[in-house]
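> kindly generate the corresponding structure for this input.
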Amino acid sequence: MSTEEAGDIFHRARGRTLDAFSSEKEREWKGPFYFIQGADPQFGLMKAWSTGDCDNGGDEWGQEIRLTEQAVQAINKLNPKPKFFVLCGDLVHAMPGVKAVFSGHYHRNAGGTYQNLDMVVSSAIGCQLGRDTHGLRVVVVTAEKIVHRYYSLDELSEKGIDDDLMDLMKEK
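Numbering: from 1, shown residues only. Predicted structure coming up:
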């Protein structure tokens with residue numbers, strides 16, 4: 001499986017929404033339920049482990065992609081369906097073609113670079129623990145680069161995405 005095919009796995013859910021937790025009926029206890037917790041798909045580790053070089057290599061994700069797809073297929077067959085699925089732990093061991101990792105949980109904007117990999121931490125929509133405002137990060141990906149900008153909720157609602165970012169998305 002190519003890196004491009006592996007990346008496609010992550011983009012298949014684009015545009016889908018989950019209204020179950022935002023509706024009023026979900027705010028009240030309705031009885032027992034279950035959810036599924038998975039851990040450590042760690043894309044790239046199986047090859048690195050099999051070659052005995054866990055500090056390098058790991059640039060092939062095929063085995064982990066197949067196992068992750070198998071896990072999703074197994075979950076999709078369950079009846080009744082789980083309330084939700086959460087994936088924890090190490091998601092990636094090696095990152096072929098990955099230039100940036102985006103995360104949250106720190107409740108403030110932060111980041112850095114290590115070995116040509118950008119780590120971008122976006123502040124929270126909710127409770128702020130720093131000086132940042134409640135907001136969202138817009139990430140534009142082109143063939144040449146990744147450009148991102150944090151917007152306050154008010155700014156994004158009132159002004160939308162800045163023209164320079166919109167220009168990057170125009171087909172050339």
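
> what about the longest helix in this protein?
helix 62-77 (DSSP state H).

> quick one: average confidence on it?
The average pLDDT for helix 62-77 rounds to 92.

> and the next element down the chain from that helix?
Next in sequence after helix 62-77, counting helices and strands by DSSP states H and E, comes strand 85-88.

> avg pLDDT for stretch 84-91?
Mean predicted lDDT for stretch 84-91 stands at 80.

> how far away is residue 144 from residue 99?
10 Å (Cβ to Cβ, to the nearest Å). C-beta here means a position set from N, CA and C on the backbone, and glycine is covered the same way.

> strands of this protein, residue ranges please.
In the chain, the segments counted as strands under DSSP state E are 36-39, 85-88, 100-103, 110-114, 117-121, 135-141, 146-152.

> mind putting the ones you listed into a markdown table with mean neighbour count and distance to residue 46?
Converted to a markdown table, the strands of the chain look like this (neighbours: other Cβ atoms under 10 Å; distance: least, Cβ to Cβ, whole Å):
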| stretch | mean neighbour count | distance to residue 46 |
| --- | --- | --- |
| strand 36-39 | 13 | 15 |
| strand 85-88 | 12 | 17 |
| strand 100-103 | 14 | 20 |
| strand 110-114 | 11 | 23 |
| strand 117-121 | 15 | 21 |
| strand 135-141 | 16 | 27 |
| strand 146-152 | 16 | 27 |
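
> between these, which gets the lowest average pLDDT?
When I compare those, strand 85-88 is least confident, with a mean of 82.

> which elements pack onto it?
strand 36-39 (3 or more Cβ pairs under 8 Å, 6 or more residues apart in numbering; DSSP states H and E).

> hmm, 10 Å instead?
strand 36-39, helix 62-77 (3 or more Cβ pairs under 10 Å, 6 or more residues apart in numbering; DSSP states H and E).

> what does that strand contact?
Applying Cβ atoms under 10 Å, 6 or more residues apart in numbering, the contact partners of strand 85-88 are 35-41, 68, 71-72, 75-76.

> list the strands paired with it, with their directions.
Strand partners for strand 85-88, identified by DSSP bridges, are recorded as strand 36-39 (parallel).

> next one: the strand it pairs with to chain centre, how far?
The chain centroid and the centroid of strand 36-39 are separated by 15 Å under Cα atoms, centre = their mean, to the nearest Å.

> render the CA-only coordinates of that strand in CSV, please.
Extracted in CSV, the C-alpha atoms of strand 36-39 (Å, rounded to 0.1, in the frame of the first residue of the first chain):
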residue,chain,number,x,y,z
ILE,A,36,-15.0,0.9,21.8
GLN,A,37,-11.5,1.9,22.7
GLY,A,38,-8.6,1.0,20.5
ALA,A,39,-4.9,1.8,21.0
